[in-house]
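A.B. asks: got a sequence here, can you build the structure:
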Amino acid sequence: MEQHICLISIGSNTNRSINIKLAQEQLLSHFPNIYFGTEQDTIPVDMQNETHFTNQIAKFSTSLSIEEVKSIFKQIEFQAGRLPDDKKKEIVKLDIDLLIYDSRVLKKSDLERDYIIDGLKEFGL
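C.D. replies: Have a look, this model is predicted:
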């Protein structure tokens, strides 16, 4: 089976340590070869809510499609209690985004965020 390289970002501004730990545990169960970067305390961008975030990036390989990977992320976000209305309230219990899938960049603007740039350097990318 063909393996795809995935780079993801993980973030939370609500019950941060609990939700990031949940994400790490769940992601590890789905992607045993995942490597997590250093957790970073970050200030919100383009939000009224000034609550800090915990962010980190991670990298893994998988034979799953983009849609299957994103579906797993949605399930994990749901486990953390993420609700559709949370975004309007600037509550981010857990957000997991697929940034890069092989050479396909899915979240180009996110790649310009400082914590992602720092994480890429940590990964030697």
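A.B. asks: so who does residue 33 touch?
C.D. replies: Residue 33 is in contact with 60-61, counting by C-beta atoms under 8 Å, 6 or more residues apart in numbering. Every residue, glycine included, has its C-beta placed from N, CA and C.
A.B. asks: and what about it, helix, strand or coil?
C.D. replies: coil (DSSP: H, G, I helix; E, B strand; the rest coil).
A.B. asks: could you check the distance from it over to residue 50?
C.D. replies: As for residue 33, its distance to residue 50 is 37 Å (criterion: C-beta to C-beta, to the nearest Å).
A.B. asks: with adjacent residues omitted, what lies nearest to the residue lying farthest from the centre of the chain?
C.D. replies: In the chain, the greatest distance from the average C-alpha position (C-alpha atoms, centre = their mean) is reached by residue 1, at 24.8 Å. Closest residue to residue 1 in three dimensions, ignoring its sequence neighbours and counting by C-beta to C-beta, 6 or more residues apart in numbering: residue 63, at 4.0 Å.
A.B. asks: could I get the phi/psi values of that neighbour?
C.D. replies: Residue 63 adopts backbone torsions of phi -90, psi 0, taken as degrees, to the nearest 10.
A.B. asks: which residues touch it?
C.D. replies: Per C-beta under 8 Å, 6+ apart, neighbours of residue 63: 1-4.
A.B. asks: most neighbours among those residues, please name it.
C.D. replies: residue 4 (17 neighbours; other C-beta atoms under 10 Å).
A.B. asks: give me the pLDDT for that one.
C.D. replies: Reading off the confidence values, residue 4 has pLDDT 97.
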